[in-house]
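Peer 1: Whatever this is, show me its structure:
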Amino acid sequence: MKTLKYIFSTLLIIALVWSCEEDKFGETDFVNSITIPTNIAAGVNVVPDNSGLTLITPTGQGAVTYVIDFGDGSGSSEVLAPGEYAEHVYTEGTYEAIITATSLNGKSATGTQTVVVSFRAPENIVVTSEIDGANPFLVNVSATADYASSFLVYFDTSNPDEVGTPLSIDGTVSNEYAGVGDYTIKVVALSGGAETSELEQVVTISAPVIFPIDFEVFDTSAFTGFGGASAEVIDNPDTNGNASATVGKIEKGGPEVWAGNVITMSSPIDFSLKKAMKMNVWSPRPGGKLILKIENLDDASINIEKEATLDGSSSWEEVVFDLSDIDETQSYQKLVFFFDFGVVGAGGADWTFYVDDINQTIISSGATGLPGQWVMAPEGGALGVGPTAGSIEWWNCDDACVTSRACYYDDLYVFGEDGSFQNVLGAETWTEGWQGGADSCGALIAPHDGSNPATYTYDEGAGTVTLNGLGAFIGIPKAYNGGELTNPADAPDSITYNIEFLDDDTISINIDAGGAFWNYRLIRAGAVTTPLTGTWQLANEGGALGVGPAVGDVSWWNCDDACVTSRACYYDDLYVFGEDGSFQNVLGTDTWTEGWQGGGDSCAAPVAPHDGSIPATYTYDDAAGTFTLNGKGSYIGLPKAVNGAELTDPNAAPESVIYNIEFVDNNTINVNINVDGSGGTVFWQYKLVKI
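Peer 2: Down below sits the predicted model:
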């Protein structure tokens, strides 16, 4: 470019000389008479974007070229012709630019131009602070602002000694907080100069103390000591037998013999299913004692206490506490530990203990094999989907999901000793849009409501279990062999799952739904051990339902073969006796209703409270030949027949009903109840078969 400008200047001189009168061609006096440039200055335009970009256009009289020294020590511009400008990036400040102007005859002069570069304060600051998905103590911060060159982030304004963390445009910075609480983050937007703007934002750090407690990401404020015992989270000092990175350290000192430690959970512990506690314990001495006390949050007198003898010997061991006798009507939220209760600790290595991997579990029933009641393990990752068997990388139900879908995680999958299978879902379960549901807890939707009879076959060698029966399923109803349902009406009559026993009480199940593997982890909720346990129906034959003056006599009235056909909606009703003592009327979408219920002596929707919606239990008395249903609206056979009466109003249903029972064989029972309240004998009688 400089070469072009010199050529331009040379041509200009030649043109001027050529234009002279012919008789004076070759004379150069007129060139020598050109004066030096004057009135040298410059136009200055600072681009208002805080970039420091400045456009400088030199001016002057008698000049054919210009060169600008920018005045900031960075050097000079290229040669500029009149009307051209130079671009330069300044930092904020005031500078004296020196313009050198050169005339046609090479005479030069200089002038100065003051350049003031002032940045405007950043505007429209937006701060984004997000809790890290893998670590609730870690916050990630990014920011944007108009006219900002960069940012400084202060993660806790209550700390006067904090040095701001630089944050670039489009960048992210992170901070891990030591504990839970509300922290004020301040973001200072820098203009590149003296002007700044700032914005504060409160971030709430909350790390719920939930099972399993592995101390990897843990709110240390929930772990405390008392009576002379300390509590601390440290790096695992012994990874032999326990590969965890961090563990809980307990050091027992004086003065109290009852010195101990407590972990306060974020919410009450649910003991409805898992009635045991397990943990890894490291003790320096063999034969020591560990007492685990489960307490109410506010009233220490509400508790259950269990003791274990430790192997010790400075190694990790798993300890299990059986809490099956816990009073579930109470609330418990504290785990209290006492090492060697009754002895004053002396601190030091001989009184240092470690705990880790604290979790709820179930007490082994002693049962083996598939028969029994199973539920989805109520913990994050027990339900999920991925590209291979065992993988849940595409989606899984995490801890928050488990809580929101409690109506689903109490669903039972009942495998009978006789090869029967039953989905026992209660009054509601998780329903999805493809079913006509709303991706929420809702009423059961046929055929995936457990209303159809089903069986199963277990092939231990092949590692498969096959369910035979329309709508029978494990895990989620939409996943079948080779696809996912989009309409309940397309449900197959049979589904085969892959199954693996992880231990006697835990099974892993998966199904390939066309390149997407749905994976489920189930735990045993009970074993089929009592004669009544299982799923029963009225025998689908004439005379199975009737009334008469004596047991075995249905001469007054009975449902004959034609009646059985007309009441098919009733003969498919299920009576489900759980090994855990639960009872459920599973009636499907309709059953037989009568006038006293507001029905029309016809098939219709079940009428509360005789609709199976109220939780119930049962007790079986083998010696007395009776069983009792506890739960308003629970019944066998006819809902109107109760002890000493026949109901005329559904609201008068008793809280408990006792039935007489006779086992014809393992899969057939005769049940009767006397409804004559005056001391006479009016027996409603039912023949049931196990399915």
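Peer 1: For residue 45, give me its contacts.
Peer 2: 54-57 (C-beta atoms under 8 Å, 6 or more residues apart in numbering). Every residue, glycine included, has its C-beta placed from N, CA and C.
Peer 1: what do you get if the cut-off is 6 Å, keeping everything else the same?
Peer 2: Taking C-beta atoms under 6 Å, 6 or more residues apart in numbering, we find residue 45 in contact with residue 55.
Peer 1: Let me know whether my guess that it is in a helix holds.
Peer 2: No: counting by DSSP: H, G, I helix; E, B strand; the rest coil, residue 45 falls outside a helix, being strand.
Peer 1: Show me what stretch 537-555 is in contact with.
Peer 2: The contact list for stretch 537-555, computed with C-beta under 6 Å, 6+ apart, reads 556-561, 571, 672, 681, 683-689, 691.
Peer 1: mean confidence for it?
Peer 2: Averaging pLDDT along stretch 537-555 gives 95.
Peer 1: Next, the buried residues of the helix or strand containing residue 41.
Peer 2: With secondary structure defined by DSSP states H and E, residue 41 is part of strand 38-46. Buried residues in strand 38-46, counted by 16 or more other C-beta atoms under 10 Å: 40, 42, 44, 46.
Peer 1: Would you format those as JSON lines with distance to residue 516 included?
Peer 2: As requested, the buried residues of strand 38-46 are exported to JSON lines (distance: C-beta to C-beta, whole Å):
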{"residue": "40", "distance to residue 516": "77"}
{"residue": "42", "distance to residue 516": "69"}
{"residue": "44", "distance to residue 516": "65"}
{"residue": "46", "distance to residue 516": "59"}
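Peer 1: Who is the residue lying closest to residue 325 once chain neighbours are set aside paired with across the strands?
Peer 2: Distances taken as C-beta to C-beta, 6 or more residues apart in numbering place residue 304 nearest to residue 325, at 7.3 Å, with adjacent residues excluded. On the basis of DSSP bridges, residue 304 is bridged to residue 294.
Peer 1: correct me, but residue 304 touches residue 328?
Peer 2: No: at 10.6 Å, residue 304 and residue 328 do not qualify as touching, with contact defined as C-beta atoms under 6 Å.
Peer 1: Looking at the two, which one has more neighbours?
Peer 2: residue 304 (16 against 10; other C-beta atoms under 10 Å).
Peer 1: Could you pull up the contacting residues of that one?
Peer 2: Residues in contact with residue 304 (C-beta under 6 Å, 6+ apart) are 294, 323, 326.
Peer 1: which one of those residues has the most neighbours?
Peer 2: residue 294 (22 neighbours).
Peer 1: so where is this protein shaky, pLDDT-wise?
Peer 2: Scanning the chain for pLDDT under 70 picks out 1-32, 364-368, 526-530, 579-580.
Peer 1: Run through the helices of it in chain order.
Peer 2: For the chain, the helices defined by DSSP state H cover 2-18, 29-32, 399-404, 406-409, 561-566, 568-571.
Peer 1: From the contact counts, what lies against the last one?
Peer 2: Of the remaining helices and strands, those touching helix 568-571 by 3 or more C-beta pairs under 6 Å, 6 or more residues apart in numbering; DSSP states H and E are strand 591-593.
Peer 1: Which neighbours in the sheet does the strand it packs on have, and how are they oriented?
Peer 2: strand 602-604 (antiparallel).
Peer 1: quick one: the partner strand to chain centroid distance?
Peer 2: In terms of C-alpha atoms, centre = their mean, to the nearest Å, the centre of strand 602-604 is set 43 Å apart from its chain centre.
Peer 1: Tell me the buried residues in it?
Peer 2: Neighbour-count burial for strand 602-604 flags 603-604 (criterion: 16+ other C-beta under 10 Å).
Peer 1: From the rest of the structure, what touches it?
Peer 2: Strand 602-604 is contacted from outside by 569, 590, 593, using C-beta under 6 Å, 6+ apart.
Peer 1: again, only using 10 Å
Peer 2: Strand 602-604 is touched from outside by 566-570, 589-595, 597-598, with contacts defined as C-beta atoms under 10 Å, 6 or more residues apart in numbering.
Peer 1: In contact with residue 401, which residues are there?
Peer 2: With contact set as C-beta under 10 Å, 6+ apart, residue 401 has these partners: 380-381, 383-384, 395, 408-409, 430.
Peer 1: and with 8 Å instead?
Peer 2: By C-beta under 8 Å, 6+ apart, the contact set of residue 401 is residue 380.
Peer 1: Repeat that for residue 108.
Peer 2: Going by C-beta under 8 Å, 6+ apart, residue 108 touches 36-37, 100-102.
Peer 1: which one of the residues you listed sits closest to residue 250?
Peer 2: Checking the contacts of residue 108 against residue 250 with C-beta to C-beta, the nearest one is residue 100 at 80.5 Å.
Peer 1: ok, what's across the strand from the closest one?
Peer 2: Using DSSP bridges, the bridge partners assigned to residue 100 are residue 67, residue 110.
Peer 1: For it, give its distance to residue 68.
Peer 2: According to C-beta to C-beta, to the nearest Å, residue 100 and residue 68 sit 8 Å apart.
Peer 1: neighbour count winner among the two?
Peer 2: residue 68 (24 against 21).
Peer 1: so the more buried one touches residue 44, yeah?
Peer 2: No: using C-beta atoms under 8 Å, residue 68 is not in contact with residue 44, being 10.7 Å away.
Peer 1: Spell out which residues are contacts of both of the two.
Peer 2: The contact sets of residue 68 and residue 44 overlap at 56, 97 (C-beta under 8 Å, 6+ apart).
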